[in-house]
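K.L.:
Following is a predicted model, sequence given first.
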Amino acid sequence: MKTCKRNRLQKNPSRLNIMDSLLIPAGLSSALRKNLKILYFVWAMLRSSISVELKNMFTALLRRTIMFFNPYHVIEIHERSEHMVRNKLYSLAKAYLSNTCSHGAHKQHAEMTSLSVLPFLTIAEEEEVVDTFQGAKLWWYASSCKPKYITKKCKGEERFYRLTFLKKYRKLVEQEYLTHIFHEGRRILARNRQRRLFTNIRGGTGYTWTCVDFEHPATFDTVALDPVTKRDVIEDLMSFREGKEYYKKIGKAWKRGYLLYGPPGTGKSTMIAAIANFLEYDVYDLELTAIKNNMELKKIFLETSSKSVIVIEDIDCSLNLTGKRVIKKKDKDEAKAAPAVTEGYDNVNTVTLSGLLNSIDGLWSACEDEKIIIFTTNHIDKLDPALIRRGRMDLHIEMSYCTFEAFKVFARNYLGIETHDLFSTIEKLFLEVNVSPADVAEGLMSRSLRNADVDACLANLVEVLNLAKEEMSKR
Ligand SMILES: Nc1ncnc2c1ncn2[C@@H]1O[C@H](COP(=O)(O)OP(=O)(O)OP(=O)(O)O)[C@@H](O)[C@H]1O
Ligand SMILES: [Mg+2]
């Protein structure tokens, strides 16, 4: 990437109107620019002494001549579209340039919003940078102009980028380069975005999502899980993330459902955080009990954005969604009397199983895709098969009691060891007792052990496991 000298014509906005199509990078077609400058000079001399009609005619002629001889094509990307709504492509181009060529500018702007994790540098106004794409050279020029319509939102200057390239690359730019900017821009914005953890609360005007920064430290390196399961999950996530075209090809919404099941303290919530961190997605922690009816549920699902993990924890406890899909007539009265609402019939104040299924994978659910939906439960057997069937909950992941393999992850992360004399004792004990990974973690890092050495930590764990064994034998 290298900078170009600024086209001096661009400094004078009044000349921009007539010399619009002349905005070509300096130094490249100096002869052509020289001739056109002369033409412009003659025009400026004549302008005051001729009639308006003649003036217009001459302007049009001049423009056409310039366009005919000008070997360049220009695309402008304005901050706002014609209807004064934000032009997404402008922000994506800005992100793209910040990452790709802004260092080529003499003057840059450093920006950081509340939604970004790192500052990023954009090219300042009146600066020009060069990009290359499949052998084509492209000039980006940042500027601003008066907006066409003055609105409350847009009173002052409106910024825009002018992209200039040889006419022979027009097809390449229109069909490939702009799409490249779109995807790259999205990727850069997603990477630099402060990820958020949302939860639904009931406000004055009904339900609403509220959020905090998502900063959970769990990763797949810190989750203690059987290595084969861990590898399968990672592979599944990777193929999901890269699967946009595949999902399109098979005609399926780009979504995937995971069911995490297992006893308390086996790492289901930790696993959700690791998944979100791995994919770099936001997390929507959906509290079903705070939602009044199916309509609200549908709306709240619609308000989740793409690149997100939607979580319903303890689905078996959230609502009574465990019965058959169609409730029998004689059960209606009982169900009506119960505050926790069952499913099956259309009561306006209920969230029903079919309402939930609809929100997960009905027609509406495909509006913003690239989403992972995760349910967790301690009791998989209590759930309606319709809720967890494959295709809806595509992957069922069992989070079980701690195994020796899982313990080795804790040993590595908590104690920084790969092996130890006590490992064989611990391995034997894991075959005899059921302890959750949470208990093992606690056994290795209880308060009294914070400053203790490895031997003491492992000895403490052996004690915890022996106690669990004793308790099991008493039962
Ligand atoms: N598999 C695991 N890997 C790493 N840490 C774990 C694992 N399981 C549990 N832990 C530790 O135990 C604590 C509790 O785990 P977590 O909340 O993820 O369990 P859970 O399965 O969601 O439990 P519950 O069913 O009660 O919600 C975590 O803070 C974490 O430190
Ligand atoms: Mg949990």
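P.N.:
Great, that's in hand. Ligands and ions are numbered 1, 2, ... in the order given.

K.L.:
the strands in the stretch 351-475 of the chain, which residues?
P.N.:
371-377, 395-398 (DSSP state E, counting those that start in this stretch).

K.L.:
Quickly run through the sheet partners of the first one, with directions.
P.N.:
For strand 371-377, the paired strands and their directions (DSSP bridges) read strand 255-261 (parallel), strand 308-312 (parallel).

K.L.:
Tell me which helix or strand comes right after the first one.
P.N.:
Under the assignment DSSP states H and E, the closest C-terminal helix or strand after strand 255-261 is helix 268-279.

K.L.:
same check, this time on the last one
P.N.:
The first helix or strand that comes after strand 308-312 along the chain, using DSSP H and E, is helix 315-318.

K.L.:
does that following helix come close to ligand 2?
P.N.:
No: using Cβ under 5 Å from the ion, helix 315-318 stays clear of ligand 2, coming no nearer than 11.2 Å. C-betas here are computed from N, CA, C, even on glycine.

K.L.:
in that helix, what's buried?
P.N.:
Using 16 or more other Cβ atoms under 10 Å as the test for burial, helix 315-318 gives 315-316, 318.

K.L.:
Give me the contacts around that helix.
P.N.:
Residues from elsewhere that reach helix 315-318 (Cβ atoms under 8 Å, 6 or more residues apart in numbering): 287-289, 312, 321-322, 375-379, 382-383, 387.

K.L.:
tell me the mean pLDDT for that helix?
P.N.:
Taken as a whole, helix 315-318 carries a mean pLDDT of 82.

K.L.:
Any idea how far that helix is from the middle of the chain?
P.N.:
Here helix 315-318 is found 27 Å from its chain centre; the criterion is Cα atoms, centre = their mean, to the nearest Å.

K.L.:
now stretch 192-207
P.N.:
15 Å.

K.L.:
Go ahead and produce PDB holding the CA coordinates of that stretch.
P.N.:
Output of stretch 192-207 as PDB, limited to C-alpha atoms (Å, rounded to 0.1, in the frame of the first residue of the first chain):
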ATOM      1  CA  ASN A 192     -12.900  -5.700  17.400                       C
ATOM      2  CA  ARG A 193     -16.300  -5.700  19.000                       C
ATOM      3  CA  GLN A 194     -16.800  -5.900  22.700                       C
ATOM      4  CA  ARG A 195     -18.900  -9.000  23.100                       C
ATOM      5  CA  ARG A 196     -21.900  -8.700  25.200                       C
ATOM      6  CA  LEU A 197     -24.000 -10.800  27.500                       C
ATOM      7  CA  PHE A 198     -27.700 -10.100  27.200                       C
ATOM      8  CA  THR A 199     -30.500 -11.100  29.500                       C
ATOM      9  CA  ASN A 200     -34.200 -10.300  29.100                       C
ATOM     10  CA  ILE A 201     -35.800  -8.300  31.800                       C
ATOM     11  CA  ARG A 202     -39.300  -6.900  32.200                       C
ATOM     12  CA  GLY A 203     -39.300  -3.100  31.900                       C
ATOM     13  CA  GLY A 204     -42.100  -0.500  31.900                       C
ATOM     14  CA  THR A 205     -42.900  -1.200  28.300                       C
ATOM     15  CA  GLY A 206     -42.700  -4.900  28.500                       C
ATOM     16  CA  TYR A 207     -39.800  -7.300  28.000                       C
END
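
K.L.:
could you give the mean pLDDT of it?
P.N.:
pLDDT averaged over stretch 192-207 gives 80.

K.L.:
how about the residue in the stretch 201-350 of the chain positioned nearest to ligand 2, what does it touch?
P.N.:
Distances between the stretch 201-350 of the chain and ligand 2 by Cβ to the ion are smallest at residue 269, namely 3.3 Å. Counting by Cβ under 8 Å, 6+ apart, residue 269 makes contact with 313, 376.

K.L.:
With residue 193 as the reference, name the closest of the strands paired with strand 371-377.
P.N.:
strand 308-312 (11.6 Å; Cβ to Cβ).

K.L.:
just checking, residue 98 touches residue 122?
P.N.:
Yes: applying Cβ atoms under 8 Å as the test, residue 98 and residue 122 come out as touching, 5.0 Å apart.

K.L.:
Fine, thanks again, bye for now.
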